[in-house]
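Student: Give me the fold of what follows.
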Amino acid sequence: MDYTVYQLLWLFLFYSFLGWLAETVLAALKRRRLLNRGFLSAPFSPTYGLGALLFAIFLPELREDPFFLFLLGMILATFLEFVTGVFLERIFHQKWWDYSNMPLNIGGYICLRFSLAWGLACLLVMEIIHPSVLWLIRHIPHT
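Tutor: Below you'll find the model as predicted:
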């Protein structure tokens, strides 16, 4: 599917907000207090937005094959997480997440557990969430 710049912007904003919301809820449940997990104190997590855009652009043909959708979604998101982790550490001189204590990690930036979670997230996004989001975006008036 081809997307307009307008649609890509809305998709990025929606998934960045959805990612922030998920991170914030999970952190609140884990630590039993509210934490802002956003980027620069905003309710957005651009890595989630970019990841979902990559899914939407490169993986729609795989919706008919859940195994390969899972596998390629996992690879794509894991690569994005690794590049983002290295980039953020080089720019801000601190790790924004650290999986060093988890098995099968690479540099603390990525690990098997979260790679599998990204594959499942890809299935969830592409099979359930994304069609509804596209429908919603098509109904947002713009001039």
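
Student: Residue nearest the middle of this structure, spatially speaking?
Tutor: For the chain, the residue nearest the mean C-alpha position is residue 48 (2.6 Å; Cα atoms, centre = their mean).

Student: Tell me the spacing between residue 76 and residue 113.
Tutor: Distance of residue 76 to residue 113, computed by Cβ to Cβ, to the nearest Å: 17 Å. Where you see a C-beta, it was placed from the backbone N, CA and C, and this is true even at glycine.

Student: When these two are compared, which one has more neighbours?
Tutor: residue 76 (18 against 12; other Cβ atoms under 10 Å).

Student: per-residue confidence at the residue nearest to the centre of the chain?
Tutor: You'll see residue 48 listed with a pLDDT of 95.

Student: same check, this time on the one 10 residues further on
Tutor: At residue 58, the model reports a pLDDT of 96.

Student: which strands and helices sit next to the worst-scoring helix or strand of the chain on mean pLDDT?
Tutor: Ranked by mean pLDDT, DSSP states H and E, the helix or strand of the chain with the weakest confidence is helix 5-31, at a mean of 92. Helix 5-31 sits against helix 46-58, helix 130-138, with contacts defined as 3 or more Cβ pairs under 8 Å, 6 or more residues apart in numbering; DSSP states H and E.
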